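Chemist: Curious how this folds, go ahead:
(chains A, B, C and D)
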2 protein chains.
Amino acid sequence: MARPERKTVRDVRKGNRGMLLRTLYFGGPRSRHELTGLTGLSAATISTMTGDLLTEKILMEAGQVDSDGGRPRVLLRVNPVYAYLIGVDVAETHVRVELFDLEMTEKARVDYTLRPSHHDIELVARRILAGIDVVLADGQVTAAQVLGVGIGVPGIVERGASDALIHAKTFGWDGVPLGALMRAGTSLPVFIDNGAKTMGQAELWFGAGRGADHAVIVLIGSGVGATVVADGQAVRGTSNSAGEWGHTKIEMNGRPCRCGSRGCLEAYIGAEGLLARAGVPAQTTDWPSALGRVLADGGPVVDETLTYLGTGLANLINMLNPERILIGGWAGLMIGERHLDQIRVVVGENSLTQPYNATSIVLGELGPDAVAMGAATLVLEEFLDASAPLRLHAAS
Amino acid sequence: MARPERKTVRDVRKGNRGMLLRTLYFGGPRSRHELTGLTGLSAATISTMTGDLLTEKILMEAGQVDSDGGRPRVLLRVNPVYAYLIGVDVAETHVRVELFDLEMTEKARVDYTLRPSHHDIELVARRILAGIDVVLADGQVTAAQVLGVGIGVPGIVERGASDALIHAKTFGWDGVPLGALMRAGTSLPVFIDNGAKTMGQAELWFGAGRGADHAVIVLIGSGVGATVVADGQAVRGTSNSAGEWGHTKIEMNGRPCRCGSRGCLEAYIGAEGLLARAGVPAQTTDWPSALGRVLADGGPVVDETLTYLGTGLANLINMLNPERILIGGWAGLMIGERHLDQIRVVVGENSLTQPYNATSIVLGELGPDAVAMGAATLVLEEFLDASAPLRLHAAS
DNA sequence: CCGTTTCGTTCACGCATTGAACTAACATGT
DNA sequence: ACATGTTAGTTCAATGCGTGAACGAAACGG
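Modeler: A predicted model of the protein is given here:
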């Protein structure tokens, strides 16, 4: 019952323009002629629309191609330096700010280390704002050229009517208004989402998820989460907290989980739970190498982990029937690189034949650094969907 | 990445017309003036559009209301006898064909009993076609007045490029082309979907799910399934087999399930599994009263069942963050009527606070007979979305 | 230099929504 | 009975958009 909005003729333009931009963005340089076929629009419409986009400098020409015997085609492409995007990754140990051009090429980056338990929200906001200034200076870009700032944060981002509120237990954030704080310091449009979701977005757009309409991107680090994509759209749920795959129960009366419950998937396949099960001392700090040793040694704990992971993935397949499952996150990649085949076997044993056969299970391509890129993708999405109304802003 | 279609000005009309029809369908009789506010369209557009719909007889006037001091408003409503819908329920023991008017009032019904293991697809198709003729005669409706036939069937309905194929193990159906068989016998448009899904659709549109944008409708009978609704749209997955909640694993190395795997939720809370766990002899035929006795007696088996059910629901909440969960199916209703409060407690203990608080858990309102009505809803949906292109057909 | 082929643009037309001006239908006060 | 005010609904010129058809542009081959 999602209420469709009133539509007017201008929405037609906006939609078609977005479609053209998307096909050009993802479909490489194309001639106007090719675009008629790819978009279904008439040559006349393509002509006027590309004309507009060229004078706006959103598109640019990209050489010619001979076409046997006739007038050569002029290739068009999205102008990568028409505007820039900023992506921010707020993590437990650092705040990272990155500047991208429209093609997601990194132009500048700055990292701020956060001392443990120094996650005061105002400190974090100050770091982000300072980081924006730094990357703009480094990249020699003015704020007026930036379409917006995307921020990936830990925890649940509640998108209320007014402003995004962030709940992150481990940070001591309980309903923190980061959006408002940002707006107080910059006039750039700000988009905030959970870091796991922005990373999923990045994989979906630029990684192993390209082109998938139904996908689940699973993130296994010390925690466990998932991004669900149905019909090309991220499933957010009613308060934007869908995807807590790590806290689905997979064992009645199972291991206690840090969420307070028992038998959560995260307690078995999350790095923290996995290492604890393998008997790695709790005070170990270098988790990745510890995990590497556990995986190399093999043994029952690893087999058990693969069983839990495979069963958890099978549940996703039975429930959601995705065409693709991506495994990401630093721990997920380490496990998957060694044991993907065995995971596939376990999944096959625990899922229904028909949906299992419709799914391919692959590893993420982007690595754990993609949070900021995914956050920037939030801005890019807005631009592609509605380049007309958004457009460039005067910066303060 | 769902590719949006090329849009033209006429699509604007189609969309707005659908929106108007929907608000009038679900929002009771309204005056043109009220419709401007409800739809966001201008008075001018409302005027021309309602004019069209009135001459097409899709709308009709429904009295007047005084409006203090001025011209009285003329109320408009959807004309319930503009056209009719046929819904079919193909179940293990019967084929039921029902005729509805546009307001889903039942006009005629016919039941055919199926003898066990007489599920030959051609027999079923013949029954359906005969049933269509019977309800049309009983309801004194011509085929030309019927918008289409919706059919709810067991098993997985694979919506390929060409034609719907049905896989239903218990019926011995493996890729059966019911759609093609129907088209050979009638020229009415045919829509086929899984019966659990059509029932979910019925609850969502006309039952306890009205108005929910994010919902899960859970069906517990002898089997267990779910309909997931995200952003007002049913989540179907890549091959239309999403929603197999009953075969998600809730216990490692748990009870064997008839799907061949182990630890499936269905093996615990499905009527068959539940009765087996309670020690009810396998040859019992009257399952509902057996279940009634088990529930009345109480004891550990019941408690256990509520724990499994609550945990399964908690997994849905954590994963999908719905605003509403409906419990339906004959067994689900029996359990829920007695123990809804305890279910809510178990769910609370096993789900994250924030999404739990955003969810209300309620019982279905429509009862197990809603499969045919939900199937008819498939036709209604098509009509409301695209009344212009669909329109009435010449019948054979 | 000319015909052919392919690519791209221009323009009249049909269809959509809209604001503004207008008409319709009532109640009230005198 | 009649004027006035108020609310409901309609009509119309203006504007925006996509499209097909006619037209212009830029190459090739002879």
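Chemist: what about A:M199, which helix or strand?
Modeler: In this assignment (DSSP states H and E), A:M199 forms part of helix A:195-206.
Chemist: scratch that, A:P368
Modeler: A:P368 is part of no helix or strand when elements are defined by DSSP H and E.
Chemist: Give me the packing partners of the helix holding A:M199, helices and strands only.
Modeler: Under the contact criterion of 3 or more C-beta pairs under 8 Å, 6 or more residues apart in numbering or on different chains; DSSP states H and E, helix A:195-206 touches strand A:84-90, strand A:146-153, strand A:215-220, strand A:224-230, strand A:233-234, strand A:324-328, helix A:370-390. Placement of C-beta: from N, CA and C, glycine included.
Chemist: so how far is it from its chain's centroid?
Modeler: The chain centroid and the centroid of helix A:195-206 are separated by 2 Å under C-alpha atoms, centre = their mean, to the nearest Å.
Chemist: Now render the helices and strands packed on helix A:195-206 as CSV, adding distance to chain B and mean neighbour count.
Modeler: Formatted as CSV, these follow (distance: least, C-beta to the nearest C-beta, whole Å; neighbours: other C-beta atoms under 10 Å in any protein chain shown):
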stretch, distance to chain B, mean neighbour count
strand A:84-90, 19, 28
strand A:146-153, 15, 27
strand A:215-220, 9, 30
strand A:224-230, 5, 27
strand A:233-234, 7, 18
strand A:324-328, 8, 26
helix A:370-390, 9, 23
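Chemist: between those, which gets the lowest average pLDDT?
Modeler: Ranked by mean pLDDT, these end with helix A:370-390 at the bottom, a mean of 84.
Chemist: Report the inter-axis angle for it versus helix A:195-206.
Modeler: Per axes from the mean of the first three to the mean of the last three C-alpha atoms, to 10 degrees, the angle that helix A:370-390 makes with helix A:195-206 is 70 degrees.
Chemist: Helix A:370-390 - contacts with which helices or strands?
Modeler: Looks like helix A:370-390 contacts helix A:9-26, strand A:84-90, strand A:94-101, strand A:146-153, strand A:190-194, helix A:195-206 (3+ C-beta pairs under 8 Å, 6+ apart).
Chemist: Any part of the helix or strand just after the first one near chain B?
Modeler: To tie it back to what came earlier, the one meant is helix A:9-26. Next along the chain after helix A:9-26, taking DSSP H and E as the criterion, comes strand A:30-31. No: remark: strand A:30-31 sits outside contact range of chain B, by C-beta under 8 Å from any C-beta of the partner chain, the gap being at least 15.3 Å.
Chemist: For strand A:30-31, give the mean pLDDT please.
Modeler: The average of the pLDDT scores along strand A:30-31 is 96.
Chemist: can you check stretch A:311-322 too?
Modeler: According to the model, stretch A:311-322 has a mean pLDDT of 98.
Chemist: swap in stretch A:236-254?
Modeler: Averaged over stretch A:236-254, pLDDT sits at 94.
Chemist: quick one: low-confidence parts of the stretch 1-150 of chain A?
Modeler: A:1-2 (pLDDT under 70).
Chemist: closest point of it to DNA strand C, which residue?
Modeler: A:G70 (2.1 Å; C-beta to the nearest atom of the strand).
Chemist: Got the phi and psi for that residue?
Modeler: When read as degrees, to the nearest 10, the backbone of A:G70 gives phi -120, psi -170.
Chemist: Just give me the neighbour total for it.
Modeler: Using other C-beta atoms under 10 Å in any protein chain shown, A:G70 is surrounded by 8 other residues.
Chemist: Then the one 4 residues further on?
Modeler: Number of residues near A:V74 (other C-beta under 10 Å) recorded here: 15.
Chemist: ok, now A:D11?
Modeler: 16.
Chemist: Please identify the residues of the stretch 151-300 of chain A in proximity to chain B?
Modeler: With C-beta under 8 Å from any C-beta as the criterion, the stretch 151-300 of chain A meets chain B at residues A:156, A:158, A:167, A:204-205, A:210-214, A:226, A:228, A:230-233, A:235-245, A:247-252, A:259, A:261.
Chemist: May I see the ChimeraX selection of the buried members of the residues you listed?
Modeler: Burial among those is assessed by 16 or more other C-beta atoms under 10 Å in any protein chain shown; the matching ChimeraX selection reads:
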select /A:156,158,167,204,205,212,213,214,226,228,230,231,235,236,237,238,239,240,241,242,243,244,245,247,248,249,250,251,252,259,261
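Chemist: May I have the phi/psi pair for the closest residue to A:N318 other than its chain neighbours?
Modeler: In space, and not counting its chain neighbours, A:N318 is closest to B:E244: 4.1 Å by C-beta to C-beta, 6 or more residues apart in numbering or on different chains. When read as degrees, to the nearest 10, the backbone of B:E244 gives phi -80, psi 60.
Chemist: show me what contacts A:R22?
Modeler: A:L384 (C-beta atoms under 8 Å, 6 or more residues apart in numbering or on different chains).
Chemist: what's the answer for A:G246, then?
Modeler: Neighbouring residues of A:G246 by C-beta under 8 Å, 6+ apart: A:G223, A:V224, A:G225, A:A226, A:C264, A:L265, A:E266, A:G270.
Chemist: Can you tell me which of those residues is nearest B:V110?
Modeler: A:A226 (46.1 Å; C-beta to C-beta).
Chemist: correct me, but that closest one touches A:A215?
Modeler: No: with contact defined as C-beta atoms under 8 Å, A:A226 does not count as touching A:A215 (10.2 Å).
Chemist: Wait, a helix at A:T45?
Modeler: Yes: A:T45: assigned to a helix according to DSSP: H, G, I helix; E, B strand; the rest coil.
Chemist: and the gap between A:V176 and B:V190?
Modeler: 53 Å (C-beta to C-beta, to the nearest Å).
Chemist: typo on my end, A:G87
Modeler: Applying C-beta to C-beta, the value for A:G87 to B:V190 is 48 Å.
Chemist: With A:K107 instead?
Modeler: Using C-beta to C-beta, one obtains 55 Å as the distance from A:K107 to B:V190.
Chemist: Tell me which of those two has more neighbours.
Modeler: Higher neighbour count among A:K107 and B:V190: B:V190, with 23 against 18, using other C-beta under 10 Å.
Chemist: which residues touch A:P29?
Modeler: By C-beta under 8 Å, 6+ apart, the contact set of A:P29 is A:A62, A:G63, A:L75, A:L76, A:R77.
Chemist: For the helix or strand containing A:Q354, what is the distance to the chain centroid?
Modeler: Using DSSP H and E, A:Q354 sits within helix A:353-357. Helix A:353-357 sits 27 Å away from the centroid of its parent chain (C-alpha atoms, centre = their mean).
Chemist: what comes up buried for it?
Modeler: Of all the residues in helix A:353-357, those buried under the rule 16+ other C-beta under 10 Å are A:Q354, A:P355, A:Y356.
Chemist: same thing with stretch A:125-142?
Modeler: Residues of stretch A:125-142 classed as buried by neighbour count (16+ other C-beta under 10 Å): A:A125, A:R127, A:I128, A:L129, A:G131, A:I132, A:V134, A:V135, A:L136, A:G139, A:V141.
Chemist: May I have that stretch exported as CSV, CA atoms only?
Modeler: As requested, the backbone C-alpha atoms of stretch A:125-142 are provided in CSV (Å, rounded to 0.1, in the frame of the first residue of the first chain):
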residue,chain,number,x,y,z
ALA,A,125,31.1,15.8,14.4
ARG,A,126,34.1,18.2,14.7
ARG,A,127,36.4,15.6,13.1
ILE,A,128,34.1,15.1,10.2
LEU,A,129,33.7,18.8,9.6
ALA,A,130,37.4,19.4,9.8
GLY,A,131,37.9,16.4,7.5
ILE,A,132,35.6,17.9,4.9
ASP,A,133,37.7,21.1,4.8
VAL,A,134,40.9,19.1,4.6
VAL,A,135,39.9,16.9,1.7
LEU,A,136,38.4,19.8,-0.2
ALA,A,137,41.7,21.7,0.2
ASP,A,138,43.8,18.6,-0.8
GLY,A,139,41.6,17.8,-3.7
GLN,A,140,41.4,21.5,-4.8
VAL,A,141,37.7,21.3,-4.9
THR,A,142,35.3,24.0,-3.6
